[in-house]
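>>> could you work out the structure for the sequence below:
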Amino acid sequence: MTDIKVTPREAAAELLAWYDRHHRDLPWRTGPSDIRAGVRSDPYRVWLSEVMLQQTTVQAVKAYFDKFTRLWPRVEDLAAAPTEDVMTAWAGLGYYARARNLKKCAEAVAADHGGRFPETEEDLRALPGIGAYTAAAIAAIAFDEPAVVVDGNVERVVTRLYAIETPLPAAKTEIRARTADLLDASRPGDFAQAMMDLGATICTPRRPACALCPVREHCRAVKQGDPEHYPVKAEKKAKPVRVGAAYVALGPGPSLYLERRAPEGLLGGMTEVPGTRWTAREDGATDLSGAPFAADWQPAGSVTHVFTHFELRLSIYRAELSSQANGHGWWQPVGKLDEAALPTVMKKAIGAAIPGVFKTKQKGKP
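Now for the predicted structure:
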């Protein structure tokens with residue numbers, strides 16, 4: 001088989017021409033025609049969307065982005081918001097350290113930078129919760145810096161384009177270098193978003209639409225006839241399984257007994273039903289030894305929740321009380337559970353003990 005030569009300048013030109021015609025309209029994005037007319041992307045909206053999009057789909061993020069920008073239209077508004085309100089608005093989006101860092105970053109931008117985001121990758125990296133990828137994305141999209149932006153979509157496009165056989169994550173250095181070769185420095189923001197759109201809509205993980213790809217003539221994986229072979233990934237290790245217990249107490253009203261998790265660590269600062277002290281590395285007790293107070297606790301099934309690094313299996317216990325017992329937490333009216341910053345795993349635990357409690361939630365609302 002004769003190899004083909006990837007021509008970066010031509011590939012970038014064809015990619016950008018495709019992006020001009022077929023870019024996705026997203027609520028946080030400034031389109032290429034507006035960019036050409038001199039309209040700049042809002043750094044606040046770019047930053048907010050990039051943080052939300054980490055480990056989350058565009059479709060899932062849209063409603064959260066709309067909620068956040070309605071509640072807090074400027075970074076100064078987010079900085080001034082109570083942390084509990086931010087965590088509640090974030091509930092259900094997952095990876096809750098992002099929400100805590102979001103608040104810290106907003107405070108830093110408001111207090112230390114007069115409400116204006118720094119314009120360079122280096123200065124952006126100094127802000128809380130902004131890593132290499134997010135700094136590059138903000139610098140390129142909001143400030144037209146020729147930053148090399150590499151997310152999962154870009155990794156897939158580049159490994160296929162160059163037929164990179166080195167498995168991820170070891171291939172990241174080569175992928176970054178190849179992306180830098182392709183980068184059109186005259187339109188760095190559009191180039192970054194074009195690569196993302198290509199990976200999201202055409203160069204997909206399964207059944208990529210190669211016939212529609214603007215850079216297919218340059219693509220070695222297409223030439224080989226097996227684009228789904230890329231990116232090559234190292235064999236994943238099985239996730240450890242941890243166990244614990246959760247206690248759902250239903251009081252008059254009806255009301256539900258809730259507590260606040262410690263501010264740091266997994267699900268830090270979020271609301272929970274009380275439970276035993278499980279972690280990513282240690283099991284918690286699965287009996288009644290961790291119950292928050294004496295009650296007629298009865299088994300109510302179990303739930304499973306998969307975190308990034310481990311799987312959690314919780315034994316659920318339920319108790320109905322005629323009066324509100326005292327503890328370290330508070331009693332939340334069942335009708336106002338959506339106002340509590342409950343992560344998904346806690347909603348699962350409550351749902352197991354009180355079937356149908358979340359069914360009244362409107363579809364499409366985060």
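>>> ok, now which ones touch the residue nearest to residue 303 when sequence neighbours are not counted?
Spatially, and ignoring its direct neighbours in sequence, residue 303 is nearest to residue 348 (4.2 Å; Cβ to Cβ, 6 or more residues apart in numbering). For every residue, glycine as well, the C-beta is placed using N, CA and C. Going by Cβ atoms under 8 Å, 6 or more residues apart in numbering, residue 348 touches 303, 305, 314.
>>> so for the helix or strand hosting residue 348, what gets flagged as buried?
Using DSSP states H and E, residue 348 maps to helix 344-353. For helix 344-353, burial by neighbour count (16 or more other Cβ atoms under 10 Å) applies to 345, 346, 347, 348, 349, 350, 351, 352, 353.
>>> quickly note the distance from the nearest residue to residue 39 once chain neighbours are set aside to residue 183.
Closest residue to residue 39 apart from its sequence neighbours, by Cβ to Cβ, 6+ apart: residue 30 at 5.7 Å. Counting by Cβ to Cβ, to the nearest Å, the gap between residue 30 and residue 183 amounts to 19 Å.
>>> try residue 353
Taking Cβ to Cβ as the measure, residue 353 falls 53 Å from residue 183.
>>> now residue 286
Residue 286 is 53 Å from residue 183, by Cβ to Cβ.
>>> likewise for residue 153?
Shown here: residue 153 relative to residue 183, a distance of 15 Å by Cβ to Cβ.
>>> now do residue 73
Taking Cβ to Cβ, one finds residue 73 at 32 Å from residue 183.
>>> these two: which has the busier surroundings?
Between residue 73 and residue 183, counted using other Cβ atoms under 10 Å, residue 183 has the larger neighbour count: 20 against 12.
>>> reduced to three states, what does residue 204 come out as?
Under DSSP: H, G, I helix; E, B strand; the rest coil, the three-state class of residue 204 is coil.
>>> burial measure for it, as a count.
The tally of other residues near residue 204 (other Cβ under 10 Å) stands at 15.
>>> then residue 30?
When neighbours are counted by other Cβ under 10 Å, residue 30 comes out with 20.
>>> residue contacts, it?
39, 40, 41, 42.
>>> doesn't the third one lie inside a helix?
No: according to three-state DSSP, residue 41 belongs to no helix; its state is coil.
>>> how close does it sit to residue 71?
For residue 41 relative to residue 71 (Cβ to Cβ), the value is 21 Å.
>>> comparing these two, which shows the higher neighbour count?
residue 41 (21 against 13).
>>> so the more buried one touches residue 141, yeah?
Yes: Residue 41 is within contact range of residue 141, at 5.3 Å (criterion: Cβ atoms under 8 Å).
>>> may I see the buried residues of stretch 82-95?
In stretch 82-95, counting by 16+ other Cβ under 10 Å, buried: 86, 87, 88, 89, 90, 91, 92, 93, 94, 95.
>>> most widely separated two among those residues?
Pairwise distances across the buried residues of stretch 82-95 (Cβ to Cβ) peak at 15.9 Å, for the pair 88 and 95.
>>> pull stretch 134-153 out as CSV, backbone CA atoms only.
Backbone C-alpha positions of stretch 134-153 (Å, rounded to 0.1, in the frame of the first residue of the first chain) are rendered in CSV as follows:
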residue,chain,number,x,y,z
THR,A,134,-8.9,24.8,29.3
ALA,A,135,-6.2,27.5,29.2
ALA,A,136,-5.4,26.7,25.6
ALA,A,137,-9.1,26.7,24.6
ILE,A,138,-9.8,30.0,26.2
ALA,A,139,-6.7,31.6,24.8
ALA,A,140,-7.4,30.4,21.3
ILE,A,141,-11.2,30.9,21.2
ALA,A,142,-11.6,34.1,23.2
PHE,A,143,-8.3,35.9,22.5
ASP,A,144,-7.0,34.5,19.1
GLU,A,145,-3.8,33.2,20.6
PRO,A,146,-2.2,30.5,18.5
ALA,A,147,-2.6,27.9,21.3
VAL,A,148,-2.6,24.2,20.6
VAL,A,149,-6.0,22.8,21.8
VAL,A,150,-6.3,19.1,22.2
ASP,A,151,-9.4,17.4,23.6
GLY,A,152,-10.7,13.9,23.0
ASN,A,153,-12.2,14.9,19.6
